[in-house]
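Q: how does the following fold in three dimensions:
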Amino acid sequence: MKTFSDIFKKSFLKDASMDLDFYNVIMALLAAFICGMIIFFVYKFFYRGVLYSHTFNILLVFACMITAFIVLTISSNIALSLGMVGALSIVRFRTAVKEPLDTGFLFFAIAIGITCGASLYLMSLVCTIFISFIYILLVHLKQRANVFLFILKYNKAVSEDVEKELTNLKYSLKNKTIMDDRVELIVELKLRAKDTTNFVSTLSQLDGVHSATLINYNGDFAC
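A: The predicted structure follows:
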């Protein structure tokens with residue numbers, strides 16, 4: 001004799017299963033690949049982080065396609081989707097994402113993969129192009145005035161000569177360290193593409209100046 005629980009389970013499993021259309025699977029994966037490649041080239045040619053990673057860029061394309069595949073699988077079977085949510089909830093990734101921009105690109109790829117898996121192909125393409133355009137625009141605005149750190153090490157005896165040369169530059173003092181008769185000076189400069197860096201050579205050639213280093217500053221001390 002069938003109980004109400006057995007009838008409910010049988011009805012639930014019958015309604016929860018849905019055959020996937022092969023055409024929809026190919027279209028979703030193809031759309032995810034195209035959008036992922038757009039993200040790939042935007043990340044490659046317009047990335048302005050500390051260190052570009054080619055393997056991470058490939059991961060963005062994979063993340064887009066794999067997310068679309070997962071969404072397709074979940075949408076085909078409700079019972080399977082519940083088990084998959086439970087399985088994915090225990091997954092832990094140990095690789096640290098150091099750059100905030102990398103985290104943004106990773107969420108970008110996952111979001112596009114979700115929309116492709118939901119068969120929203122036009123929306124996926126439009127959002128990919130629009131968000132990429134906004135990112136390129138912001139990168140272009142940033143390039144107008146690049147921020148640099150200028151590190152200068154010299155003797156106290158030539159302090160007046162150094163300060164005289166620095167008066168020609170628009171800078172803000174970040175750090176000044178004095179050790180015995182030696183001085184280490186760190187200033188922040190904003191230089192445009194048309195600005196020259198001849199001042200580095202001029203200061204390094206002064207008697208008493210030990211080193212003059214100009215570093216592109218992106219939030220970390222990295223060249």
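Q: next SSE downstream of the least confident helix or strand in the chain by mean pLDDT?
A: Across the helices and strands of the chain, the lowest-confidence element by mean pLDDT, DSSP states H and E is helix 4-16, at a mean of 48. Counting by DSSP states H and E, the next helix or strand C-terminal to helix 4-16 is helix 22-46.
Q: contacts for that following helix?
A: With contact meaning CB atoms under 8 Å, 6 or more residues apart in numbering, helix 22-46 is reached by 52, 54, 57-58, 60-65, 67-69, 71-72, 105, 108-109, 112-113, 116-117, 119, 121, 124-125, 128-129, 132, 135-136, 139. C-betas here are computed from N, CA, C, even on glycine.
Q: mind checking which of the residues you listed are buried?
A: 57, 60-61, 63-65, 67-69, 71-72, 105, 108-109, 112-113, 116-117, 119, 121, 124-125, 128, 132, 135 (16 or more other CB atoms under 10 Å).
Q: which members of the residues you listed occur in helices, if any?
A: Counting by DSSP state H, the buried ones among the contacts of helix 22-46 place 57, 60-61, 63-65, 67-69, 71-72, 105, 108-109, 112-113, 116-117, 121, 124-125, 128, 132, 135 in helices.
Q: sec struct for Asn216, please.
A: Secondary structure state of Asn216, per DSSP: H, G, I helix; E, B strand; the rest coil, is strand.
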